[in-house]
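Undergrad: Here is a sequence with its predicted model. Questions after.
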Amino acid sequence: MPAAHAATRPSFAWRPVFLVGLACVAVLLSLADRYGFHRDELYFIVAGHHPDWGYVDQPPFAPLYSAWVTSWLGLSPLAVRVLPAISTGVVICLSGAIAREYGGDARAQVLAAIAIGLSAILGLGHLDSTATYDVLAWTVVTWLVVRLLAGADPRLWLAAGLAAGIGLQNKHLVVLLAVGLVIGLAVSRRWDVLRSAWAWAAVGLATLIWLPNLVWQALNGFPQLGMSGVVAGRSSFEDVLMILPFQFILAGPLLWPVFVAGLWWLLRSPAAVPWRPIGWAYLAVLAITMLVRGQLYYPAGLFPALAAAGGFVLDRWLAGGHRRLRAAATLAATAGSGAAIAIIMLPLVPPSSLEATPLPDIYPESAEQIGWPELVDTVSRAAADLPPDERERAVILTANYGEAGALTLLGSDLPPVYSGHNSFADWGPPPDSLDVVMLVGHWDPLRHAGDLGSCRRAATIRNAAGIRNQEWEAGVWICTQPRTPWSEIWDDIAFYG
């Protein structure tokens, strides 16, 4: 780094920052087994048992990790959630490290770590999700770019390219970060960076690491483009308008002013001139997300950089007049905001009480972690009731990959399980000899009556907690005497969603 910047850069307060990250990791691990698997986690584990360089809805990292860790630590929510918890701890520590690059002292670094640790990033750390690892990849790349913008050795761009390439094997959204940074550099007129051979070498390295998944996508007709179209098609104009206000909620119901102050500092402060591209990159990512009707959490990958700048601003505000009053207000906002995020996104409410709260409507992912054992038991009883000759010819067809994953992993002595949902469609169709069909989920048997034959409802799926999630009151249908072979109707059953 230039001598002037290196001389004024504070020391990294690694002990207190590490303690903040460690505390969040401990909370996440202590709650990991409180509910059950999320449907996506079940899907990832099964997908990892079909190793490949890609899947129709994601690159290979999350499925391969999920299958590997459960084979090593056993099949449990805690097993798949160890790495997400650690990833969140690393993101928290890197937020403090970015605050240091901005010139923040020990208190500013700790404030940055606390702010990001009590945002929705904490909730992402509870689940084995591609979004969790995506935030980690964005944060590592951003931390390196922050250093490079201040004049670090340009060879560090290769490290940024390495991190981006690994991130692209988890989720393609790293491309959105790259586009946002390029726009930020152009708006800030950082032509020195855009002309840097090392920066373009980083792009080449990231692409090279990403190449196996790109080749897989090309050989399979770029299915993720189809998935992106499905995601965008589900978003209404009202959903797009909600992306902006949801940024405040994700930052923390009472801590969002810290993130806004950080963004303002990056865009307006003379002291932040070297890092101006980061502020513009966030706005660019936010605008692109709204334009393409993306998910509201997409811009959250840059939250650590905003929290770091906000911690720097908050530290100076606390050092002003009325220190005790300002400290008390900060403490109250931190406690209230952190409690709200934890209650909404972490499994703190007992399952038996969850339905009586608005939480399943506010954060549906909480309800999707409950009820899988009951679903498996219901289907198992229906299968056991089949006459022996029908049982030998039976196949289970589920409406979504969560149901298929639960029956595959948590069931025993069941007929073979298939689904047309996303990559499960690639692992079918069933053999044509299996002509007794158990439909599981929210199906309309009349829609398939011409293919599946005559159907009767054998059971209804519920859960002991009374949670009205996606599987609540779904059916188990028994269909016999199908009129069309699986090989002919499978394309009609397969779908993205």
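TA: Thanks, I have the structure now. Just so it is clear, the structure is predicted and the values come from calculations on it, not from any experiment. Numbering: from 1, shown residues only.

Undergrad: going forward, measure contacts and count neighbours with C-alpha atoms only.
TA: Will do.

Undergrad: Model confidence for the residue lying closest to residue 38 once chain neighbours are set aside, exactly?
TA: Using C-alpha to C-alpha, 6 or more residues apart in numbering and skipping residues adjacent in sequence, the residue nearest residue 38 is residue 369, 4.5 Å away. We note a pLDDT of 96 for residue 369 in this prediction.

Undergrad: Would you agree residue 369 is in contact with residue 36?
TA: Yes. Under the criterion of C-alpha atoms under 8 Å, residue 369 makes contact with residue 36 at 4.9 Å.

Undergrad: returning to what we had before: spit out the contact partners of the residue nearest to residue 38.
TA: Listed by C-alpha atoms under 8 Å, 6 or more residues apart in numbering, the contact partners of residue 369 are 35-39.

Undergrad: Tell me which of those fall in helices.
TA: Among the contacts of residue 369, the residues falling in helices (DSSP state H) are residue 39.

Undergrad: Provide the contact partners of stretch 160-172 at residue level.
TA: Outside stretch 160-172, the residues that touch it by C-alpha under 8 Å, 6+ apart are 58-62, 130-131, 133-134, 137-138, 140-141, 144-145, 174-175, 201-210, 213.

Undergrad: rewinding a little: by neighbours, which of the contacts of residue 369 wins?
TA: residue 37 (25 neighbours; other C-alpha atoms under 10 Å).

Undergrad: low-scoring stretches of this protein, by residue?
TA: Within the chain, the stretches with pLDDT under 70 are 1-8, 235, 445-450.

Undergrad: Point to the residue nearest the middle of it.
TA: residue 131 (2.2 Å; C-alpha atoms, centre = their mean).

Undergrad: which residues touch the residue lying closest to residue 258 once chain neighbours are set aside?
TA: Nearest non-adjacent residue to residue 258, counting by C-alpha to C-alpha, 6+ apart: residue 310, 4.7 Å away. Contacts for residue 310 (C-alpha under 8 Å, 6+ apart) come out as 112, 258-263, 265.

Undergrad: ok, 7 Å please
TA: Neighbour list for residue 310: 112, 258-259, 261-262 [criterion: C-alpha atoms under 7 Å, 6 or more residues apart in numbering].

Undergrad: Three-state assignment for residue 396, please.
TA: Residue 396 falls in the strand class when you classify it by DSSP: H, G, I helix; E, B strand; the rest coil.

Undergrad: on contacts alone, who are the packing partners of whichever helix or strand residue 68 is part of?
TA: Taking DSSP states H and E as the criterion, residue 68 maps to helix 61-73. Applying 3 or more C-alpha pairs under 7 Å, 6 or more residues apart in numbering; DSSP states H and E, we find helix 61-73 packed against helix 39-48, helix 77-101.

Undergrad: closest one to residue 487 among those?
TA: Evaluated with C-alpha to C-alpha, these place helix 39-48 nearest to residue 487, the distance being 21.7 Å.

Undergrad: Going by contacts, tell me the helices and strands next to the closest one.
TA: Under the contact definition 3+ C-alpha pairs under 7 Å, 6+ apart, helix 39-48 sits against helix 61-73, helix 401-410.

Undergrad: just checking, residue 429 touches residue 485?
TA: No. Using C-alpha atoms under 7 Å, residue 429 is not in contact with residue 485; the gap is 9.7 Å.

Undergrad: Show me the strands in the protein, by range?
TA: 394-398, 417-419, 436-441, 454-461, 474-480 (DSSP state E).

Undergrad: Look up how far residue 97 lies from residue 142.
TA: 11 Å (C-alpha to C-alpha, to the nearest Å).

Undergrad: try residue 54
TA: 33 Å.

Undergrad: can you check residue 400 too?
TA: For residue 400, the distance to residue 97 (C-alpha to C-alpha) stands at 42 Å.

Undergrad: Kindly report the same for residue 223.
TA: Counting by C-alpha to C-alpha, the gap from residue 223 to residue 97 is 38 Å.

Undergrad: So if I had to pick from the two, which one is more boxed in?
TA: Higher neighbour count among residue 223 and residue 97: residue 97, with 26 against 21, using other C-alpha under 10 Å.

Undergrad: Check the helices and strands packed on helix 39-48 for me and report the most buried one.
TA: Here the criterion is mean neighbour count by mean count of other C-alpha atoms under 10 Å, and of the helices and strands packed on helix 39-48 the winner is helix 401-410, at a mean of 22.

Undergrad: Show me what stretch 118-134 is in contact with.
TA: 28, 32, 41, 62, 80-81, 84-85, 87-88, 167, 170-171, 250-252, 338, 341, 345-346.

Undergrad: how far out from the middle of the chain is it?
TA: Centroid separation between stretch 118-134 and its chain, computed with C-alpha atoms, centre = their mean, to the nearest Å, is 6 Å.

Undergrad: show me where the stretch 301-450 of the chain has helices.
TA: Using DSSP state H, counting those that start in this stretch, the helices of the stretch 301-450 of the chain run over residues 303-318, 323-345, 351-354, 359-362, 372-384, 388-392, 401-410, 445-452.

Undergrad: Dump the ones you listed into TSV; add distance to residue 189 as well.
TA: Shown next, in TSV, are these (distance: least, C-alpha to C-alpha, whole Å):
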stretch	distance to residue 189
helix 303-318	20
helix 323-345	36
helix 351-354	51
helix 359-362	41
helix 372-384	53
helix 388-392	69
helix 401-410	47
helix 445-452	58
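
Undergrad: Need the winner for burial among these.
TA: The stretch of these with the highest mean neighbour count (mean count of other C-alpha under 10 Å) is helix 303-318, at a mean of 27.

Undergrad: ok, residue 435 - contacts?
TA: Contacts for residue 435 were tallied using C-alpha under 7 Å, 6+ apart; they are 393-394, 480-482.

Undergrad: Now with 10 Å, please.
TA: 390, 392-395, 452-453, 479-486 (C-alpha atoms under 10 Å, 6 or more residues apart in numbering).

Undergrad: which of the residues you listed are buried?
TA: 390, 393-395, 452-453, 479-480, 482, 485-486 (16 or more other C-alpha atoms under 10 Å).

Undergrad: Between those residues, which sits nearest residue 326?
TA: residue 395 (64.3 Å).

Undergrad: check contacts around that closest one.
TA: 383, 414-418, 430-431, 433-439, 478.

Undergrad: closest to residue 238 among the residues you listed?
TA: Using C-alpha to C-alpha, residue 439 comes nearest to residue 238 of the contacts of residue 395, at 34.5 Å.

Undergrad: partners of that closest one in the sheet?
TA: Judged by DSSP bridges, the bridge partners of residue 439 are residue 397, residue 477.

Undergrad: OK, contacts around it?
TA: Residues near residue 439 by C-alpha under 10 Å, 6+ apart: 379, 395-399, 418-419, 445, 452, 455-458, 474-479.

Undergrad: Please repeat the previous calculation with a cut-off of 7 Å.
TA: 396-398, 476-478.

Undergrad: Weed out the non-buried ones from the contacts of residue 395.
TA: Buried, going by 16+ other C-alpha under 10 Å: 383, 414-415, 417-418, 430, 434-439, 478, out of those.

Undergrad: Out of the residues you listed, flag the one nearest to residue 294.
TA: residue 418 (29.5 Å).

Undergrad: Give me the nearest residue to the closest one, chain neighbours excluded.
TA: Here the residue nearest residue 418, using C-alpha to C-alpha, 6+ apart, is residue 397, at 5.0 Å.

Undergrad: just checking, residue 49 touches residue 66?
TA: No. Using C-alpha under 7 Å, residue 49 is not in contact with residue 66; the gap is 9.3 Å.

Undergrad: how near is residue 346 to residue 144?
TA: Using C-alpha to C-alpha, residue 346 is found at 30 Å from residue 144.

Undergrad: Specify which residue of these two has the higher count of neighbours.
TA: Per other C-alpha under 10 Å, whichever of residue 346 and residue 144 has more neighbours is residue 346, with 24 against 19.

Undergrad: Many thanks, have a good one.
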